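>>> give me a 3D structure for the following:
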Amino acid sequence: MFVHPTTPQSTPGLDSTSSGTPASEPGRPRLSVESGVHGPVTILTMTGQLVSETVVAAEAKILTTLVLTDRPFHLALDLSQVDVIDGSGSGLLAKARFAARSTRSTLHLIAPDGGPARLALHRTMHKITLPSREDLIPALAAESDDGL
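Numbering: from 1, shown residues only. Below is the predicted model:
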């Protein structure tokens with residue numbers, strides 16, 4: 001049974017709009033998540049800080065996208081504009097990788113070499129990390145050639 005709240009609910013770090021616009025509270029971590037398409041890949045572009053105070057909203061967007069999309073599905077998280085990732089953010093990326101595998105989807109992370117996001121990723125995440133959006137289509141072609 002679904003419960004519809006009578007008052008608007010908010011998540012720290014994001015306002016209550018569907019666009020994922022950053023909250024306006026000064027001094028609080030902010031994260032916006034926008035959805036787009038690049039060929040056969042759905043891209044969630046994150047801007048701001050992927051930290052404990054913003055990870056819940058990002059997780060909801062990622063998991064909702066994975067669950068509500070037809071298969072086969074290719075998802076990329078563009079972390080190019082993320083300037084901070086803490087342990088909670090890294091944990092979310094690992095959870096997203098697991099969720100993508102469990103739904104028979106593919107997941108790629110876009111994080112430029114030397115950028116804050118790339119430096120925060122655990123070494124096991126580097127296998128699915130690409131330096132730019134332009135690398136997505138060749139990566140998918142290589143995976144299908146390998147039978148993944």
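
>>> hey, which helix or strand in this protein has the poorest pLDDT?
Scoring the helices and strands of the chain by mean pLDDT, DSSP states H and E places helix 136-146 at the bottom, with a mean of 80.

>>> what about the chain, any weak spots by pLDDT?
Along the chain, segments meeting pLDDT under 70 span 1-25, 145-148.

>>> max-length helix in the protein?
In the chain, taking DSSP state H as the definition, the longest helix is helix 87-102.

>>> and the contacts of that helix?
The contact list for helix 87-102 (Cβ atoms under 8 Å, 6 or more residues apart in numbering) reads 49-52, 55, 58-59, 62-63, 66, 75, 77, 82, 85, 106-107, 109, 120-122, 125, 128. The way it works is simple: take the backbone N, C-alpha and C, and place the C-beta from them, glycine included.

>>> now, these that are in strands?
Secondary structure defined by DSSP state E assigns 49, 50, 75, 77, 82, 85, 106, 107, 109 of the contacts of helix 87-102 to strands.

>>> just curious, which of these is nearest to residue 138?
residue 106 (13.4 Å; Cβ to Cβ).
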